[in-house]
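[1] Here's a sequence, model it:
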Amino acid sequence: MLLEAMENTETAAQVALLDGNITDAQLKRWKYQYKRVVKLSVEDDDGTTLFAYFRKPTIDIRSAVLQASKMDEFKALEVLFKNCYLGGDTDIEDDDDLRLNITTSFSDFIQPKPVKIEVL
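    Reported below is the predicted structural model:
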């Protein structure tokens, strides 16, 4: 009986959930596969903090987002979300406003950084 209780405790500890209801194993897998994982948070209408995890977009994803943005900026954000969103709280996936807010913030984060140019 004691051994069984210890095994159940160990199993529960192994699958402890992180922010966004993901496991540590999922996060490690994403970091290994994509190298860089970004965690974003947003509050819903009830004040609950929700979390989403994104991967850095590849050049192909950036190209698809750019092409979509020429016709519809909301479509471009949807392309970015569908291709870079790894997981997190499902309310973000289901709620258009939350998805738009968090994807817009992610889009701002991944914009090219300023470059210093010096003519010699």
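
[2] which stretches of this protein form strands?
    Assigned by DSSP state E, the chain shows strands spanning 37-43, 49-55, 85-88.

[3] Just put these in a markdown table and tack on distance to residue 119, mean pLDDT and mean neighbour count.
    Quick note: C-beta positions are derived from backbone N, CA and C, even for glycine. Putting the strands of the chain into a markdown table (distance: least, C-beta to C-beta, whole Å; pLDDT from 0 to 100; neighbours: other C-beta atoms under 10 Å) gives the following:
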| stretch | distance to residue 119 | mean pLDDT | mean neighbour count |
| --- | --- | --- | --- |
| strand 37-43 | 35 | 95 | 16 |
| strand 49-55 | 36 | 97 | 21 |
| strand 85-88 | 41 | 96 | 20 |
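
[4] okay, the ones you listed in TSV with distance to residue 116 next?
    As requested, the strands of the chain are exported to TSV (distance: least, C-beta to C-beta, whole Å):
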stretch	distance to residue 116
strand 37-43	25
strand 49-55	28
strand 85-88	33
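
[5] how about those strands, which one is nearest residue 61?
    strand 49-55 (9.1 Å; C-beta to C-beta).

[6] Render the CA-only coordinates of the closest one in PDB, please.
    Output of strand 49-55 as PDB, limited to C-alpha atoms (Å, rounded to 0.1, in the frame of the first residue of the first chain):
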ATOM      1  CA  THR A  49      -3.800  34.900 -16.600                       C
ATOM      2  CA  LEU A  50      -3.500  32.600 -19.600                       C
ATOM      3  CA  PHE A  51      -0.300  31.400 -21.200                       C
ATOM      4  CA  ALA A  52       0.800  30.600 -24.800                       C
ATOM      5  CA  TYR A  53       4.000  29.200 -26.100                       C
ATOM      6  CA  PHE A  54       5.400  30.100 -29.600                       C
ATOM      7  CA  ARG A  55       8.400  29.100 -31.600                       C
END
